[in-house]
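> Pasting a predicted model and its sequence here:
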Amino acid sequence: LANMTAPKQLIEKLQAESQPIEAAAPKSGNAAPDFEAECLSGNGQRSGEQLRLSDFRGRPIALQFGSYTCPVWRAQIHRFNEIYEELQKQLQFLIVYTREAHPEDGWQVEINHDQDVVYNQPTTINERAHIASTCLTRHGISTPVLLDDMDDSINKVYSGWPERLYLIDKDGIVRHRSVPGPFQMKAIETWYEALKEYATVST
């Protein structure tokens, strides 16, 4: 990937913001906090339908956080799609679409210009939905997508930004949590192994 080094002042600001969120996020063995969010329709448009995490109690959940302008997450979408296709019958997959990692009016990176992924940070839920929909269409994502609200409420509970992976068991307990992103493929494969193992044990 292209150089993603941020100015020192911006890095310090992001670290200060993320540290308390990271410290409070649920760890393996903790109950997964409930949340409610609007889901996108199958064609990527706003549906108006609100879903709660607890709606899926009794079914294990593969929970993923990401945004289109994160080039690391974007580069991993193909693998995420493969995992979804393999295990979607055994687990409930959900993507929580968060605030943009590298917007044009923030910490932009060269590869986003090279790949024509150039957006300002959304200020409305419609703007966030539009970017998410474009991502889904371009990358053939079939995993259900939920929109974090403009206060980043779900991210603040789960420390999901800029990308993160969870496995939540059928009783609502966190069984796996990846390191915070951006991360390498090893973290995805570790998550995948946790999903497969749990799916096997619970069937």
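Thanks, I have it.
> Which parts of this structure are helices?
For the chain, applying DSSP state H gives helices covering 8-24, 71-87, 110-114, 125-139, 153-158, 185-202.
> end-to-end on stretch 105-118?
10 Å (C-alpha to C-alpha, to the nearest Å).
> Now the residue most central in space within the chain. Nearest residue, chain neighbours left out?
Centroid-nearest residue in the chain: residue 65, 0.9 Å away (criterion: C-alpha atoms, centre = their mean). Computed as C-beta to C-beta, 6 or more residues apart in numbering, the closest residue to residue 65 that is not its neighbour in sequence is residue 160, at 3.1 Å. All C-beta atoms are positioned from the backbone trio N, CA, C, and that covers glycine.
> isn't that neighbour right next to residue 98, touching?
Yes. At 5.7 Å, residue 160 counts as touching residue 98 under the criterion of C-beta atoms under 8 Å.
> if I look at these two, which residues touch both of them?
Here residue 160 and residue 98 share the contacting residues 65, 148, 154, scored by C-beta atoms under 8 Å, 6 or more residues apart in numbering.
> I'd assumed residue 157 was in contact with the first one.
No. With contact defined as C-beta under 8 Å, residue 65 does not count as touching residue 157 (11.1 Å).
> who's residue 96 bridged to?
Note on residue 96: beta-bridge partners by DSSP bridges are residue 65, residue 146.
> That one and residue 62: what is the separation?
Noted for residue 96: a distance of 12 Å to residue 62, by C-beta to C-beta, to the nearest Å.
> what about these two, which has more around it?
The residue with more neighbours, out of residue 96 and residue 62, is residue 62; 27 against 23, by other C-beta atoms under 10 Å.
> I'd say the more buried one and residue 195 touch.
Yes. Using C-beta under 8 Å, residue 62 makes contact with residue 195 at a distance of 5.5 Å.
> so what sits against both of the two?
Taking C-beta under 8 Å, 6+ apart as the contact rule, the neighbours common to residue 62 and residue 195 are 83, 87, 91, 167.
> Now do the same contact list for the second one.
Okay, so that is residue 87. Per C-beta under 8 Å, 6+ apart, neighbours of residue 87: 62, 93, 195-196, 199.
> residues contacting the nearest residue to residue 162 once chain neighbours are set aside?
For residue 162, ignoring the flanking residues on the chain, the nearest one in space by C-beta to C-beta, 6+ apart is residue 101 at 3.8 Å. Residue 101 makes contact with 67, 69-70, 73, 107, 161-163, according to C-beta under 8 Å, 6+ apart.
> Looking at those residues, which one is closest to residue 113?
Nearest to residue 113 among those is residue 69, at 10.9 Å by C-beta to C-beta.
> The closest one: neighbour count?
28.
> One more: residue 172?
Count around residue 172 with other C-beta under 10 Å applied: 18.
> how many neighbours does the residue lying closest to it once chain neighbours are set aside have?
Setting aside the residues directly before and after it, residue 172 is nearest to residue 32 in space (C-beta to C-beta, 6+ apart), at 5.3 Å. Look at residue 32: counted by other C-beta under 10 Å, it has 23 neighbours.
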